[in-house]
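A.B. asks: Sequence unavailable; structure follows:
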């Protein structure tokens, strides 16, 4: 194992320890099946089907995109928001920017890109999206997925979603994890309002370096596939923009995320 690999693994193991503490007493959801969070935001017709939100008014041929698909993990299904069904960032993005489109949210809590290729991509393609958002980065980083494997899988996902250029795809990157209250709580002299649950604490420099490596991979995929970048790296996910767990976005955080993705819309 190289020094770079061992440092990356240390960052992944340490930050991954945040997940059980941030998800409460319930068992961690599977990356291969919709979680309780995604089911709560789903349509009443089927708890196992993707969440779907109808357009606010009938669309016309010149009205813009008719189908918007959201691919992602816990944030995409609204974890951290007061009311995930109405305040998850894809819902906010839809209601503000794409009200005449049908929203199909195929997000699954805990998903990595590998999981999304299996469980989310088929439903996403079946919807025939004009616009798709992809935010799958943090879970890959904190579970120790090698960045090259992550890049390769992300490119497969984005390439398929692009549908030979028929779909505008907006890809989110890794935010500044070292700003999260759940991480700051573990640093000497810091008071973030949450408890430190990390078994050991990687340095801020180590966390920054690993985030930078993943974000370079995201930029490479975006460039190669003709997608657009939703750059979340500058969003200050401090106390106001994170929920009480210090890890997931708050309702205000979901609104900020939606605004960043909106900049990538055609």
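C.D. replies: Structure received. Remember, predicted model here, so these are calculated numbers, not experimental data.
A.B. asks: alpha carbons only for contacts and neighbour counts from here, please
C.D. replies: Fine.
A.B. asks: Can you tell me the closest non-neighbouring residue to residue 251?
C.D. replies: For residue 251, ignoring the flanking residues on the chain, the nearest one in space by Cα to Cα, 6 or more residues apart in numbering is residue 81 at 4.3 Å.
A.B. asks: Secondary structure element for residue 52, which one?
C.D. replies: strand 51-53 (DSSP states H and E).
A.B. asks: How far away from the center of its chain is whichever helix or strand comes after that strand?
C.D. replies: Counting by DSSP H and E, the next helix or strand C-terminal to strand 51-53 is strand 67-72. Relative to the centre of its chain, strand 67-72 is centred 11 Å away, using Cα atoms, centre = their mean, to the nearest Å.
A.B. asks: If we go by neighbour counts, what in whatever helix or strand comes next after strand 67-72 is buried?
C.D. replies: Next helix or strand after strand 67-72 toward the C-terminus (DSSP H and E): helix 84-87. Neighbour counts over helix 84-87 (16 or more other Cα atoms under 10 Å) mark 84, 85, 87 as buried.
A.B. asks: Dump the residues you listed into a markdown table; add distance to residue 104 and pLDDT as well.
C.D. replies: Shown next, in a markdown table, are those (distance: Cα to Cα, whole Å; pLDDT from 0 to 100):
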| residue | distance to residue 104 | pLDDT |
| --- | --- | --- |
| 84 | 14 | 97 |
| 85 | 12 | 97 |
| 87 | 15 | 98 |
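A.B. asks: If we only consider these, which is nearest to residue 124?
C.D. replies: residue 85 (19.0 Å; Cα to Cα).
A.B. asks: Tell me if I'm right that that closest one and residue 78 touch.
C.D. replies: Yes: look at residue 85 against residue 78 with Cα atoms under 8 Å: they come within range, at 7.1 Å.
A.B. asks: Now do the buried residues in the strand or helix carrying residue 154.
C.D. replies: Secondary structure assignment for residue 154, by DSSP H and E: helix 147-162. Burial within helix 147-162, assessed by neighbour count using 16+ other Cα under 10 Å, is assigned to 147, 150-151, 153-162.
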